[in-house]
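Participant: no sequence on this one, just coordinates:
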């Protein structure tokens, strides 16, 4: 089944060229199906790129998915045109009376700031608190995972001596079968790009949380609550093949201290084309979340959330 998005969203052409099944909103309204309603809070400055990355994965599912986008009203994005925001985005005030099957909160390039110093922190806390009663399952990505763990459970973040940057092997942390990782290999790869971390001991000391996946090199990857209503994803499974390259080239051009991304370029040579090791695991991660924790768990009548 397709992903339903606005007729002229810029991501549409890219997704269609990749054979992602996209259905335009005017056609979707004619179908007698209750699609999954997914809200995306896009905190990334490059909003159109992030939209495409997430829709690529959310659309790789047998389910019809309907997407709403919001951005923070307390901080005006500077890298996305006002025209794009007006046309495709709403704010929390616009959607706060609605209910959603699922929600994705993206990362943001603010991880080196204390949480309370982030310009939109109070608004984000309001949205995360609202999600507990208006969203069935929420997917927090990278910085948002740290923000969510801090807000909901008081789990701190810690600065790293060196940026975790590259593509790293991961494993499942539990011997029991976890639906989020159905179909995964024993070892799978995920991109990471961050200066901070959440520590295993803090998660283990909280009875409402459990570690689902981690890496011996890059640390924790997936933490979840016990009911599957909240997932905290430390890496960037949604990254496209050249996302890490763009970050590396940017930092090199700015003269910032940055090392070549691990396990990314053949022979660690930035002049060569990066090798994608994470695509299959990324698609499984999002499709398993949509199927097992959203579609099969959410009440048909969202008013009963």
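Facilitator: On my side now, so go ahead. On a predicted model such as this, the values are computed, not experimentally measured, just so you know.
Participant: And the strands in the stretch 201-305 of the chain?
Facilitator: Using DSSP state E, counting those that start in this stretch, the strands of the stretch 201-305 of the chain run over 209-215, 219-225, 230-233.
Participant: Deepest in the core, which of the ones you listed is it.
Facilitator: strand 230-233 (a mean of 27; mean count of other CB atoms under 10 Å). In this view, the C-beta of every residue, glycine as well, is placed from N, C-alpha and C.
Participant: residue ranges of the helices in the stretch 51-200 of the chain, please?
Facilitator: For the stretch 51-200 of the chain, the helices defined by DSSP state H, counting those that start in this stretch cover 82-88, 92-95, 121-134, 143-153, 200-204.
Participant: what's the closest of those helices to residue 175?
Facilitator: Closest to residue 175 of those is helix 200-204 (CB to CB; 15.9 Å).
Participant: chain center to the closest one, what's the gap?
Facilitator: 22 Å (CA atoms, centre = their mean, to the nearest Å).
Participant: contacts for that helix?
Facilitator: 149, 155, 156, 209, 210, 211, 214, 219, 220, 223 (CB atoms under 8 Å, 6 or more residues apart in numbering).
Participant: Pretty sure residue 174 is one of the things the fifth one touches, is it not?
Facilitator: Yes: checked against CB atoms under 8 Å, the pair residue 210 and residue 174 is within contact range at 7.3 Å.
Participant: Export the strands of the stretch 201-305 of the chain to CSV and append columns for distance to residue 297 and mean pLDDT.
Facilitator: Listed next are the strands of the stretch 201-305 of the chain as CSV, based on distance: least, CB to CB, whole Å; pLDDT from 0 to 100:
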stretch, distance to residue 297, mean pLDDT
strand 209-215, 17, 97
strand 219-225, 13, 98
strand 230-233, 13, 98
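Participant: Adding distance to residue 239 as columns, could you present those in CSV?
Facilitator: Shown next, in CSV, are the strands of the stretch 201-305 of the chain (distance: least, CB to CB, whole Å):
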stretch, distance to residue 239
strand 209-215, 16
strand 219-225, 14
strand 230-233, 12
